[in-house]
Every structure is written in structure tokens, then in C-alpha cells.
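K.L.:
let's see this in three dimensions:
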Amino acid sequence: MKHSNVIRCDDGVKRCWWCVSDPQYIDYHDQEWGRPVTDEIRLFEKLCLEGFQSGLSWLTILKKRENFRKAFAGFDFEKVSRYGDKDVTRLMADAGIVRNRAKIEATINNAQRASELANSGRSLAGQLWQFRPARSPVLRSRDQVQATTPESIAMSKTLRKQGWKFIGPTTCYALMQAMGMVNDHLRTCDHWQQVEQERKAFEQPS
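P.N.:
So this is what the prediction gives:
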């Protein structure tokens, strides 16, 4: 049964329309999407995978996530920052990931940027969370979901100025959704309330 673009699944749970096509997608929706993240490795992974998702479906990336983790040293950016030409060649031959040279090279570049942040005594979490909107609109239908916001545009502009790649405003907003900077579960989704409680209890990193 559909209601405001929320679908009641076989288990009786009402979920956002986009996740119900696949069990792995449902698990991601229920356990991860929109929940606040500060862990440096998890944030770097999300940032990179959102970049790889550009032009593709998120489910495609989600199904390849374990392969990406193996290919990119668990997204340990200190290790990935030391990747060279041989690693690019290896990754381009890896059928388990998205074999796009520009995206692979951007991931290595972005690992170097993240490493620079850490070496300067700053954190990736602090760098990203500074763009948290003052308020997160409550969405009642899929038509209200935005592709970009002033905050995602500002995030993209700042990161690109610092040398990050594949981090446009749309990718930045998808990252903001994924890391809990906004709560874009529809209000009638059964997970909206729990996510909102986690966000209210969350202490933003500096």
C-alpha cells in the first residue's frame, strides 16, 4: 500500500519508496541512511562511493561495496593516499568495482586530501559537518526531495577549492543524506522518528 510515496512492505514496516526493490537496499535504508556518522573511515568511504555512484544507481554501488572495500584497503585513506600507477592499473582490471579511471584517480586524490587534513590536526568529520543546515525540512512526499541545497553547493565549492575531485553539489547532497546531516526519510516512513532522535542526540564535531 502506497501512502505519500511510502510503501508498506511484507514485514508491515512502512519505508521510503526508493529502497523496497532489494533486501540489501532495505537493510541500508533501515540501518544506515540518515544516521549521523563521524567515523573518519566511514565518512571517507561514503564520500568516495557517492562519487563512484555519479551516473549510476546507488543499488549498483551498494552491491559492489564489499569489493570496493577490498580494492581500496577498507577505505583507509592513509593507505589509499600512497596508491600509484600500478594500483590504478590493478583497479582498472578489477571487475568487482566500477572501472572508471577518472573516479579511481579521484579516490586516490581525495585520500591524499583526507590525509593532509589528518596530518594538519584537523578531521574529515569536522570539515564536512560544518556544512550541516540549521534545520532539516520534514519531507512529506518524494516530490519534496532536493538534488542540491545552498549547503551542498557551499560544501562542494569549499572541497573543490581544496583540491577534492568528483564532489559536485549533487554528490555532496547525497553525502549529506547518507551521513545524517539531513533527515530525508519521508515523515510517514517508520524509520523517520528513530533517525530524528539520533540526530537530535548527536554532538556535532568541531
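
K.L.:
C-alpha only now, for contacts and for neighbours.
P.N.:
OK.

K.L.:
which elements pack onto the host helix or strand of Thr171?
P.N.:
Element membership for Thr171, per DSSP states H and E: helix 169-178. Contacts defined by 3 or more CA pairs under 8 Å, 6 or more residues apart in numbering; DSSP states H and E place helix 169-178 against helix 40-53, helix 150-161.

K.L.:
right, so these: which one is the most enclosed?
P.N.:
Most buried of those, by mean neighbour count (mean count of other CA atoms under 10 Å): helix 40-53, with a mean of 21.

K.L.:
dump that one to CSV, keeping only the CA atoms.
P.N.:
Taking C-alpha atoms only, helix 40-53 is exported to CSV below (Å, rounded to 0.1, in the frame of the first residue of the first chain):
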residue,chain,number,x,y,z
GLU,A,40,36.7,9.1,9.6
ILE,A,41,37.0,5.9,7.6
ARG,A,42,33.2,5.5,7.2
LEU,A,43,32.9,9.1,6.1
PHE,A,44,35.7,8.7,3.6
GLU,A,45,34.0,5.6,2.3
LYS,A,46,30.7,7.4,1.9
LEU,A,47,32.3,10.3,0.2
CYS,A,48,34.1,8.1,-2.3
LEU,A,49,31.2,5.8,-3.0
GLU,A,50,28.9,8.8,-3.7
GLY,A,51,31.5,9.9,-6.2
PHE,A,52,31.5,6.5,-7.9
GLN,A,53,27.7,6.5,-7.9
